[in-house]
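*Asks:* Compute the structure for the input listed below.
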Amino acid sequence: MEAVLGVLSEAHALIISNEPKGLGWLLGLLMGVFYLTVAIIAWGLVKAILQRDIWAFIRPIEMITRTAGMVSACIVPILAVLIVYEVISRYAFLAPTYWAFEISYMLMGTTLMLAIGFCSQLRRHIRVDFLYDNVSEKKRAMIDLSGYIIFLLPMLIWCSWGLFVYFLEAYKVNELSGESAWNPIIWPFKFMFAFGFYLFTIQTVAEVCKNVLV
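*Replies:* Next comes the predicted model:
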């Protein structure tokens, strides 16, 4: 916990100092989105305790991951338009853009990261079900619960934390992509990886709660 608070304090200091290159506002915006989701989940937890209804905790989490999934879906047509524009510009007018490649992989990566939690909510992730489908609902819940608690949750927490530290280090040096003549800052894209795994983590917590109720 001390390490978490230390890293978050460092992020707050960077926002206040507006370093590097006056981009503290963007870091503040990204962190604000994260804190908003934490506040919504915390309020749901308080309601769940007061009302003795675990669904008061589950519903806010699923609302967050569903909203992220909807944002992800909205990015897809934008990505399609940009790719079509690049193809026409390159082959019809012999004037390829210098930003299309990086915009494309950043938008695609963002789409995947924002949707990963919602995909879990819909139970659309790949699973080995040749035995799973032949057991009772109670036993399925026990299998899921064991997998979530023993394997998935520890891995997701570790990945979420590691990716956030990775993102913050990229922010501190104002890391650039180095992949094209455009050479944009890369740390907002790295934030999406950390945020995506965070969404997957909280949705997994919701899935644990739902399996306990079975």
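*Asks:* only C-alpha atoms for contact and neighbour calcs from this point on.
*Replies:* Fine.
*Asks:* Without its sequence neighbours, what residue ends up closest to L112?
*Replies:* With sequence-adjacent residues excluded and distances taken as C-alpha to C-alpha, 6 or more residues apart in numbering, L112 is closest to S72, at 7.4 Å.
*Asks:* And that neighbour, how close does it get to A80?
*Replies:* To A80, S72 is 13 Å away according to C-alpha to C-alpha, to the nearest Å.
*Asks:* Against K190, how distant is the closest residue to Y132 other than its chain neighbours?
*Replies:* Nearest non-adjacent residue to Y132, counting by C-alpha to C-alpha, 6+ apart: R140, 6.4 Å away. Using C-alpha to C-alpha, one obtains 35 Å as the distance from R140 to K190.
*Asks:* Mind checking which of the two has more residues around it?
*Replies:* Ranked by neighbour count (other C-alpha atoms under 10 Å), R140 and K190 place K190 first, with 22 against 17.
*Asks:* Looks to me like the more buried one is in a helix.
*Replies:* Yes - under DSSP: H, G, I helix; E, B strand; the rest coil, K190 sits within a helix.
*Asks:* show me what contacts the residue nearest to it when sequence neighbours are not counted?
*Replies:* Spatial nearest neighbour of K190, chain neighbours left out: F167 (5.2 Å); criterion: C-alpha to C-alpha, 6+ apart. Listed by C-alpha atoms under 8 Å, 6 or more residues apart in numbering, the contact set of F167 reads 187-188, 190-191, 194.
*Asks:* tell me which element F167 falls in.
*Replies:* For F167, the host element (DSSP states H and E) is helix 153-172.
*Asks:* ditto for F200
*Replies:* Secondary structure (DSSP H and E) places F200 in helix 187-213.
*Asks:* got it, and R123?
*Replies:* Residue-wise, R123 maps onto no helix or strand under DSSP H and E.
*Asks:* mind checking how far it is from T204?
*Replies:* From R123 to T204 the distance is 11 Å (C-alpha to C-alpha).
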